[in-house]
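Trainee: Okay, predicted coordinates and the sequence, questions at the end:
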Amino acid sequence: MNDDDIADGGSGGSYASPPCFWHELDPSQGGLPAEPDAQQARDVARWRKAERIRLLDARAALPLAVREAAAAAIAAHLDRVIGDVAGKVVSAYWPIRSELDLRPWLATLIARGAVAALPLVVEKAAPLRFRAWAPGVRMTRGFWNIPVPAEGDWLTPDILISPVVGHDADCYRLGYGGGYFDRTLAVAGPGARAYGVGLAASRIATIYPQPHDIPMRAVVTETGVCQPSAR
Ligand SMILES: Nc1nc2c(c(=O)[nH]1)N(C=O)[C@@H](CNc1ccc(C(=O)N[C@@H](CCC(=O)O)C(=O)O)cc1)CN2
Ligand SMILES: Nc1ncnc2c1ncn2[C@@H]1O[C@H](COP(=O)(O)OP(=O)(O)OP(=O)(O)O)[C@@H](O)[C@H]1O
């Protein structure tokens, strides 16, 4: 076999790689390899899984005092970024798995005329719902054992603060892999103001955004506010 045999796949033509016959395959026959897009989506999902583990381990390894200092710095940046909250519904989160604790900051918003809210998973693979929260309200364990307000009407947040496991230069968010936040923003529409919060160390070059991923307006870290580079 000479070099030409390798370059053209042995078919005698002059292509640098063998021709692609994908379009000639009949999907109804089953047993076919995945479409290129589906294969790519699976590769991204696998990469995200590994990246989540790396980022969650790194966060959990930080001393509590470091995470507390980061949360305090983020709270100060958030105040600048979100502006006047009077009359607004602002959702955040009850911290789990070494997430930064922004509950003290959320409570200060109530004193400034906001309604503070927390998310609930009421149905798997559906958008999140939100209920009002204030220090001392009765809580119950929800999905994934996350504490949620035990009662109250459903609210629609004007401003959504979401914890990031990772984030990238275009403000795309990597979460725990349920797709809950993206589903929530998809139904909330472009009027909803979504901000990510997380450690500066959770920044990655790209999360390889997929069609369902919706970027944050900004991601606030202890070192400042990252806004999308070119949008
Ligand atoms: N504190 C806090 N509360 C929050 C959120 C959050 O990120 N942090 N969420 C923000 O949206 C929602 C919950 N998000 C969740 C996302 C995924 C899974 C979950 O079951 N993950 C699977 C992996 C899924 C997969 O890879 O297919 C797992 O880890 O086993 C649970 C909750 C609502 N409440
Ligand atoms: N709007 C949507 N409609 C249907 N499926 C969606 C939507 N958004 C996300 N998903 C699905 O959810 C799954 C997980 O998505 P992704 O990896 O972006 O989660 P995540 O943002 O890390 O999780 P979370 O928001 O729960 O913290 C993907 O398989 C994706 O197809």
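Mentor: Thanks, I have it. Ligands and ions are numbered 1, 2, ... in the order given.
Trainee: do stretch 91-109 and ligand 1 meet?
Mentor: Yes. Residues of stretch 91-109 contacting ligand 1 under CB under 6 Å from any ligand atom: 93, 94, 95, 96, 99. Just so you know, the C-beta spots here come from the backbone N, C-alpha and C atoms, and that holds for glycine as well.
Trainee: Among those, the buried ones, what's the PyMOL command?
Mentor: In PyMOL, this line selects whichever of the residues of stretch 91-109 next to ligand 1 come out buried by 16 or more other CB atoms under 10 Å:
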select buried, resi 93+94+95+99
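Trainee: Next, format the residues of stretch 91-109 next to ligand 1 as a markdown table and append pLDDT and secondary structure.
Mentor: Shown next, in a markdown table, are the residues of stretch 91-109 next to ligand 1 (pLDDT from 0 to 100; DSSP: H, G, I helix; E, B strand; the rest coil):
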| residue | pLDDT | secondary structure |
| --- | --- | --- |
| 93 | 98 | coil |
| 94 | 98 | coil |
| 95 | 98 | coil |
| 96 | 98 | coil |
| 99 | 98 | coil |
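Trainee: Let me have the residues of stretch 91-109 next to ligand 1 in TSV, extended by distance to residue 122.
Mentor: Shown next, in TSV, are the residues of stretch 91-109 next to ligand 1 (distance: CB to CB, whole Å):
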residue	distance to residue 122
93	16
94	15
95	20
96	18
99	21
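Trainee: Of the residues of stretch 91-109 next to ligand 1, just say which sits nearest to residue 161.
Mentor: residue 93 (7.2 Å; CB to CB).
Trainee: Can you tell me the closest non-neighbouring residue to the closest one?
Mentor: Leaving aside its chain neighbours, residue 93 sits nearest to residue 163 (5.4 Å; criterion: CB to CB, 6 or more residues apart in numbering).
Trainee: would you say residue 219 is within a helix?
Mentor: No. Under DSSP: H, G, I helix; E, B strand; the rest coil, residue 219 sits outside any helix and is assigned strand.
Trainee: The closest residue to residue 142 other than its chain neighbours sits in which helix or strand?
Mentor: In space, and not counting its chain neighbours, residue 142 is closest to residue 148: 3.9 Å by CB to CB, 6+ apart. Assigned by DSSP states H and E, residue 148 belongs to strand 147-149.
Trainee: Please list all residues in contact with residue 194.
Mentor: 159, 160, 162, 181, 185, 188, 214, 216, 217 (CB atoms under 8 Å, 6 or more residues apart in numbering).
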